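Sequence and predicted structure, then a few things I'm wondering about:
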Amino acid sequence: MTLLSFARGPGMQVATLILIAGMFWRLSGILLLRRRVAHAAARNPFAVRLLGGAVTIFTRAIPRRTFWPRVGAGVVLNYVFHIGLFIVLFGGAPHILIIHEIFGVAWPDLPKGVIVVASGITLAALILLLVRRLCHPVLKMLSKPDDYISWLIVFMPIFTGILLSGETVAGYGALLAWHILSIEALMIWLPFGKLMHVALVFAGRGMLGYNFSRKGAAT
Amino acid sequence: MNDIAPAPFQKAAPDVSKALRGFIADVGPTVALSLESCVHCGQCAEACQFYVQTGDPRYTPIHKIELFKQTYNREMGPFSFAYKFFGLAPKLTQETLTEWQDLVYDSCNMCGRCSLICPMGIDIADLVEQTRHGMYEAGLAPSDFLGALAEKEHATGSPFGLTSEKFRDLLHEIGATHGVTMHVDEPTAEIVPTISSIDVKTYPGSMAAIAKILNHIGKPWSFRTDGFDADNVSLTAGDRAGQAAITQAIVSAVTACGAKILVMPECGHSFTEMRWEAANAHGKDLPFRVLQITELVAESIQSGAIRVNKISQTATYHDACQLSRRGGATAAPRVILAALGVDVRELEDAGDANWCCGGGGGVALIKRAQPLRDAAFAIKKKQIEASGAAIVYTSCSGCRQTLDHGGKAAGWNTSVGSLLELVADNLAARAAA
Ligand code: SF4
Ligand code: SF4
């Protein structure tokens, strides 16, 4: 079995299994804890509270204006990274092809030039985020091994993806194998560390929005 | 406050196992989600007055609850087995508990400004409250004076040990001094007001003001000497049992006279406690409404039950965090100020994003926290001065006291006033109503 066929076959199967089981375990471990019934009379009816939860998922994506002078730079850098990743992930022709193979849906791809630029910007933003984490006194203090492991685990697929698109340092087969393996590493790590925010961000904002709407307070 | 002896439990070394149990006793899905979600983005630091003013990363809000988070991860999180097996989360120790004491108490107003910015939707202020439960159980509530006052409150129902008899006498005395009819321990009443112990110590006029307003509304009302002190220092100290005992005494007193409305005094934390937590401690819905005094006045102005005279004044208003951002009663004071015709010069960030005065969350009751309190107050001071108003109103005696002290230290010309007393002083004559 070649490295590529391992990555495409059993590697991917194991990674998918760990991703799904791990996420399920972590989410159920949180959400199935005993819930306290809230008895205090709510200011808003159930439907308004639900709406508050749903709306907060979007509104929390952008800080209030008053916070911008102090957090703006970090927020923009994070957005550059996330949007760049989104473009590469869902606009790159090979990715769309795989999504089509698995889910049967497809959409027009973006020109290769756009993807190359987006990948470069994404990688640069990711490196700047690391530099910021290493230099900013608050981020430095807060950071744990998970922050650096997660960084590396996100860096690798982007990096190998860029190498793959240029086919420079090695042959296509080897680079593809490393690209897939790095994605599998990400899938395996995701449920256990901070990358789990892909799911928790919606649950957290929704819960806060719901609870604060109950009080008629700002979300 | 000199008559309050330091609580005896403060002298013992922190009890690690009690802290551990105290931390995780009440963890449900909302708290667990908060403890699991942090992405270490650091934004919460930029919303917190203590970090903003000092630049010290230790004051990063989510860092203040680190021991709670570590304990959760080790003891009950979904991967607790791995945390334990690989030693990924350090064990609680007496040293770490002691090291975190000032972070959990001195440098947190429980103001929730950090909860307003967190992109993951973590209610960090609520986590601080939970963390204080463990710290209190371990014996780490700062004794000088927060812990001592909480202990006295737990034992007597009032942080200053005010007995029912003394309170009754005090009310009659205030009634006589201010020429206002007091209703005390009436067998039935529609409205029951409560007080904050700061009012007793520093602002007794506010009790006369409540009586005046309730007399003006004209519905049967009565103070109850079997449940009157809503202060709830226990809440800010982290004493869950004391906290529940205070609310339960008030619930029983209000229920006993069949009242429909419980009126909370000008006090922030006691409002959030009674409005949003008491029913949970009680185990069922409360048979009456809980309204902060500004909400009652605003509602009554809107229904015509209260009529006020217009005054010509330029003023600003300081939102108590627990009434606005944490309590959902941001609009009520503005309704009142508009009815009075006050020209309000709103502070920068007024309303939901306001900055704490620096004294909230029991910090005003921690002697050694004075420099931190002053640093936080400096933001408020600057904003109030920038408003150009000659007077700042508020509806929380705790905030009022902090603003009073801070203003005095700064040699202010700006005076500090109670919104409740402003209304009481400007009620329209009944005949005109
Ligand atoms: S609740 Fe207020 S004082 Fe406490 S950490 Fe958050 S912003 Fe700072
Ligand atoms: S803002 Fe929220 S996610 Fe960011 S460090 Fe603070 S608690 Fe964590």
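Noted; the coordinates are in hand. Ligands and ions are numbered 1, 2, ... in the order given.

what's the helix or strand for residue B:127?
Assigned by DSSP states H and E, residue B:127 belongs to helix B:124-137.

So is that helix next to ligand 1?
Yes - counting by C-beta under 6 Å from any ligand atom, ligand 1 has neighbours in helix B:124-137: B:124-125, B:128. Yep, even glycine has a C-beta here, placed from its N, CA and C like the rest.

after that helix, next one along is what?
helix B:146-156.

In space, what's closest to the residue of chain A found nearest ligand 1 - neighbours in sequence excluded?
Here chain A gets closest to ligand 1 at one residue, residue A:67, 11.6 Å apart by C-beta to the nearest ligand atom. Of all residues not flanking residue A:67 in the chain, residue B:117 sits nearest, at 5.4 Å (C-beta to C-beta, 6 or more residues apart in numbering or on different chains).

ok so, going back, my guess is the residue of chain A closest to ligand 1 meets residue B:45, correct?
No - assessed by C-beta atoms under 8 Å, residue A:67 is found out of contact with residue B:45, at 11.2 Å.

Apart from its neighbours in sequence, what residue is nearest residue A:48?
Leaving aside its sequence neighbours, residue A:48 sits nearest to residue A:213 (C-beta to C-beta, 6+ apart; 6.1 Å).

I'd like to know how many residues surround that neighbour.
A total of 26 residues lie near residue A:213 under the criterion other C-beta atoms under 10 Å in any protein chain shown.

so where is chain A shaky, pLDDT-wise?
Within chain A, the ranges that satisfy pLDDT under 70 run A:167.

what are the ranges of the helices in chain A?
Counting by DSSP state H, chain A has helices at residues A:3-6, A:12-31, A:46-59, A:68-91, A:93-103, A:112-135, A:137-142, A:145-166, A:172-189, A:197-215.

If we go by neighbour counts, what in the first one is buried?
Okay, so that is helix A:3-6. Neighbour-count burial for helix A:3-6 flags residue A:4 (criterion: 16 or more other C-beta atoms under 10 Å in any protein chain shown).

Same check on stretch A:197-204?
By 16+ other C-beta under 10 Å, the buried positions in stretch A:197-204 come out as A:197, A:200-201, A:203-204.

Any chance of JSON lines for those, columns distance to ligand 1?
Converted to JSON lines, the buried residues of stretch A:197-204 look like this (distance: C-beta to the nearest ligand atom, whole Å):
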{"residue": "A:197", "distance to ligand 1": "20"}
{"residue": "A:200", "distance to ligand 1": "20"}
{"residue": "A:201", "distance to ligand 1": "20"}
{"residue": "A:203", "distance to ligand 1": "21"}
{"residue": "A:204", "distance to ligand 1": "16"}
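
for those, which one is nearest chain B?
Using C-beta to the nearest C-beta, residue A:204 comes nearest to chain B of the buried residues of stretch A:197-204, at 3.6 Å.

Could I get the contacting residues of that closest one?
Residues in contact with residue A:204 (C-beta atoms under 8 Å, 6 or more residues apart in numbering or on different chains) are B:33-34, B:37, B:120-122.

tell me, which of the residues you listed make contact with chain A?
Restricting the contacts of residue A:204 to those touching chain A (C-beta under 8 Å from any C-beta of the partner chain) yields B:33-34, B:37, B:120-122.

out of those residues, who's nearest ligand 1?
Nearest to ligand 1, judged by C-beta to the nearest ligand atom, of these is residue B:122 at 10.4 Å.

if I look at that closest one, how far off is residue A:126?
Residue B:122 sits 24 Å away from residue A:126, taking C-beta to C-beta, to the nearest Å as the criterion.

Pick out the residue in the stretch 151-300 of chain B sitting closest to chain A.
residue B:279 (3.6 Å).

can you count the residues close to the residue lying closest to residue A:7 once chain neighbours are set aside?
In space, and not counting its chain neighbours, residue A:7 is closest to residue A:180: 4.0 Å by C-beta to C-beta, 6+ apart. By other C-beta under 10 Å, 22 other residues sit near residue A:180.

What of residue B:342?
Neighbours around residue B:342, by other C-beta under 10 Å: 24.

one step back: out of the contacts of residue A:204, which sit inside helices?
Judged by DSSP H, the subset of the contacts of residue A:204 located in helices is B:33-34, B:37.

The residue in the stretch 251-400 of chain B positioned nearest to ligand 2 and residue B:330: what is the separation?
Using C-beta to the nearest ligand atom, the closest approach of the stretch 251-400 of chain B to ligand 2 is made by residue B:353 at 15.0 Å. To residue B:330, residue B:353 is 10 Å away according to C-beta to C-beta.

Same question for residue B:320.
10 Å.

These two: who's more crowded?
Set side by side, residue B:320 and residue B:330 show more neighbours around residue B:320, with 31 against 19, by other C-beta under 10 Å.

what residues does stretch B:48-65 touch?
A:70, A:137-138, A:140-142, B:38, B:40, B:42, B:44-47, B:100, B:103-104, B:107-109, B:111, B:113-114, B:122, B:124-125, B:127-128, B:130-131, B:355-356, B:358, B:372, B:375-376, B:378-379.

repeat for stretch B:343-352
Applying C-beta under 8 Å, 6+ apart, the set of residues contacting stretch B:343-352 is A:66, A:217-218, B:116, B:313-319, B:324-325, B:330, B:334, B:337-338, B:354-355, B:380, B:383-384, B:386-389.

show me the contacts for the residue lying closest to residue B:183 once chain neighbours are set aside.
Leaving aside its chain neighbours, residue B:183 sits nearest to residue B:222 (4.3 Å; criterion: C-beta to C-beta, 6+ apart). Counting by C-beta under 8 Å, 6+ apart, residue B:222 makes contact with B:183-186, B:189, B:191-192, B:257, B:259.

Of the residues you listed, which belong to strands?
Taking DSSP state E, the ones among the contacts of residue B:222 that sit in strands are B:191-192.

want to throw the contacts of residue B:222 into JSON lines with neighbour count?
Listed next are the contacts of residue B:222 as JSON lines, based on neighbours: other C-beta atoms under 10 Å in any protein chain shown:
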{"residue": "B:183", "neighbour count": "19"}
{"residue": "B:184", "neighbour count": "18"}
{"residue": "B:185", "neighbour count": "16"}
{"residue": "B:186", "neighbour count": "14"}
{"residue": "B:189", "neighbour count": "23"}
{"residue": "B:191", "neighbour count": "23"}
{"residue": "B:192", "neighbour count": "27"}
{"residue": "B:257", "neighbour count": "20"}
{"residue": "B:259", "neighbour count": "25"}
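
I'd like to know which of the contacts of residue B:222 is nearest to ligand 1.
Ranked by distance to ligand 1 (C-beta to the nearest ligand atom), the contacts of residue B:222 are led by residue B:192 at 30.7 Å.
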